[in-house]
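1. Sequence and predicted structure are below.
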Amino acid sequence: MTFSLLALSADGSFMAAAGSTRFLAIGSAAPMVVPGVGAVWSQAFTNPQLRFEMIRALRRGESVEQAIATVPLLDEGSAGRQVAVMDGRGSAAVFTGAETAEWHGAISAAGFSVQGNILVGPEVLDAMAAKLSVVPATEDVRQFGERLIGVLQAGQDAGGDQRGRQSAVLLVGRSQWAEGEPESLVIDLRVDDHPDPVPELRRLLDLWVPRA
Amino acid sequence: MRIRPLESVDIGQVSAINGAGVPGVTPADADEVARLVELSELSLVAVDDSDDAAVLGFLLVMAPGADYESENYRWFSERGPDFLYIDRIAIAEGRRGEGIGDALYRELFRVAAEQGRAEVTCEVNTMPPNPGSMRFHERLGFERVGELVTKGGAYEVALLARTVARA
């Protein structure tokens, strides 16, 4: 039903969550980025609460592996969930419940994870992971956002969600955060309902101006 | 072949068999094996009928409440049902396919039923894939609970559980 990613920018200063699905307003339920803590994505039979729980676990100082291991305790329906967690250093862990619909899967490497379910096949995540594996020497936050939308587009071009397309989201926050710094996200763009949401997300990013 | 409890004198052989089983099992030197045995609820070896000291395979099994950091063990710990968790099983090279694994698991299932556990659980690597182990576990009635990708993609495992038949 969804293909999504968590990723760290080239120099590690930003982390992001982005994805697209055939469902209304994916941005309201699946992703969460908390500056200085981590990025989370909760999908399949989405349990939005798991985002907060994963962030709480990271705040307690747990590793992403420890955080993801608490999912079955927190959620009796864990077999139907898919949950990805990444910390501010780009270490990621993904759980895919056995009852999530095919095709489902996840790929992770240093600095990113991609995960999906109800996809046309493994080629969606393969295309996204191949593109995410190519990291430029430097990038500013806009270029990082553009790169991630390019990754979503590669997933969509590979077939994406079996059931079609409807919404997309891009959230970017600072990987490191110190007391007194702004806690808002740097980029927070959502396409809630659109026949071709990923290009629409790209259009919004073109309109986006960094806050002074 | 017969099954008996793992003794401290077996640890060198167990570590060697474990080493030959990598990447199907994670590496463990003798000290690490000793630590894992300490954490185990049940540790078994299969030995030759004619030579009780010749280890052919081993099985390490943990119960809930062990101070064990494995994320897979922790996953099952958080999941709820009372369980015995197979941390690792390995069979000596050249002795695979003789039913040694079956014999170790038969004893494990017997103990699990005797202790009134709800499930026997384990994981099987999916990257690198281990189709032999997956077939073995499916044949014995294990079912997939989910998949975990951890350590930046260095580990990908399928989490498996088998209901314990009531004695």
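-> Cool, the structure landed.
2. only C-alpha atoms for contact and neighbour calcs from this point on.
-> Fine.
3. Based on its surroundings, how many neighbours for the residue lying closest to residue A:163 once chain neighbours are set aside?
-> Spatial nearest neighbour of residue A:163, excluding adjacent residues (C-alpha to C-alpha, 6 or more residues apart in numbering or on different chains): residue A:22 at 6.2 Å. Here the number of neighbours of residue A:22 (other C-alpha atoms under 10 Å in any protein chain shown) works out to 23.
4. Tell me which stretches of chain A form strands.
-> Assigned by DSSP state E, chain A shows strands spanning A:2-8, A:14-21, A:31-34, A:38-44, A:81-87, A:92-97, A:105-109, A:112-117, A:167-174, A:187-191.
5. Select the longest helix from chain B.
-> Longest helix in chain B by number of residues (criterion: DSSP state H): helix B:100-114.
6. what comes up buried for it?
-> B:100, B:101, B:104, B:105, B:108, B:109, B:111, B:112, B:113 (16 or more other C-alpha atoms under 10 Å in any protein chain shown).
7. Tell me which residues touch the closest residue to residue A:148 other than its chain neighbours, please.
-> Of all residues not flanking residue A:148 in the chain, residue A:18 sits nearest, at 7.2 Å (C-alpha to C-alpha, 6+ apart). Neighbouring residues of residue A:18 by C-alpha atoms under 8 Å, 6 or more residues apart in numbering or on different chains: A:4, A:5, A:6, A:31, A:148, A:149, A:152, A:168, A:169, A:170, A:171.
8. Bridged to residue A:18, which residues?
-> residue A:5, residue A:170 (DSSP bridges).
9. Minimum distance to residue A:160: which of the strands of chain A has it?
-> Comparing the strands of chain A against residue A:160 with C-alpha to C-alpha, the closest turns out to be strand A:2-8 (6.8 Å).
10. Any part of the worst-scoring helix or strand of chain A on mean pLDDT near chain B?
-> The helix or strand of chain A with the poorest confidence is helix A:71-74; it has a mean of 88 (mean pLDDT, DSSP states H and E). Yes - Helix A:71-74 comes into contact with chain B (C-alpha under 8 Å from any C-alpha of the partner chain), by way of A:71, A:72, A:73.
11. Count the residues that sit near the last one.
-> Just to be clear, that refers to residue A:73. Neighbours around residue A:73, by other C-alpha under 10 Å: 15.
12. Next: residue B:90.
-> 24.
13. Return the backbone torsion pair for the residue nearest the centre of chain B.
-> Central residue of chain B (C-alpha atoms, centre = their mean): residue B:88, 3.0 Å from the mean position. Phi and psi for residue B:88, reported as degrees, to the nearest 10, are phi -160, psi 150.
14. can you pull the contacts of it?
-> Here residue B:88 is in contact with B:25, B:59, B:60, B:61 (C-alpha under 8 Å, 6+ apart).
15. Next one: it from residue B:123, what distance?
-> From residue B:88 across to residue B:123, the span is 9 Å (C-alpha to C-alpha, to the nearest Å).
16. The helix or strand of chain B with the lowest mean pLDDT and chain A in contact?
-> Least confident helix or strand, chain B: helix B:71-79 with a mean of 90, by mean pLDDT, DSSP H and E. Yes - residues of helix B:71-79 contacting chain A under C-alpha under 8 Å from any C-alpha: B:71, B:72, B:74, B:75, B:76, B:78, B:79.
17. by contact count, what packs against that helix?
-> helix A:64-69, helix A:71-74, strand B:83-91, strand B:119-127 (3 or more C-alpha pairs under 8 Å, 6 or more residues apart in numbering or on different chains; DSSP states H and E).
18. I'd like to check the angle between that helix and strand B:119-127, please.
-> Counting by axes from the mean of the first three to the mean of the last three C-alpha atoms, to 10 degrees, helix B:71-79 lies at 140 degrees to strand B:119-127.
19. mind saving the C-alpha coords of helix B:71-79 as PDB?
-> Listed next in PDB are the C-alpha coordinates belonging to helix B:71-79 (Å, rounded to 0.1, in the frame of the first residue of the first chain):
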ATOM      1  CA  GLU B  71      17.300  -8.000  19.300                       C
ATOM      2  CA  ASN B  72      15.700 -11.200  18.000                       C
ATOM      3  CA  TYR B  73      15.500 -12.700  21.500                       C
ATOM      4  CA  ARG B  74      14.200  -9.300  22.800                       C
ATOM      5  CA  TRP B  75      11.600  -9.200  20.000                       C
ATOM      6  CA  PHE B  76      10.100 -12.500  21.200                       C
ATOM      7  CA  SER B  77      10.400 -11.500  24.900                       C
ATOM      8  CA  GLU B  78       8.200  -8.400  24.200                       C
ATOM      9  CA  ARG B  79       5.800 -10.500  22.100                       C
END
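20. Thanks a lot, catch you later.
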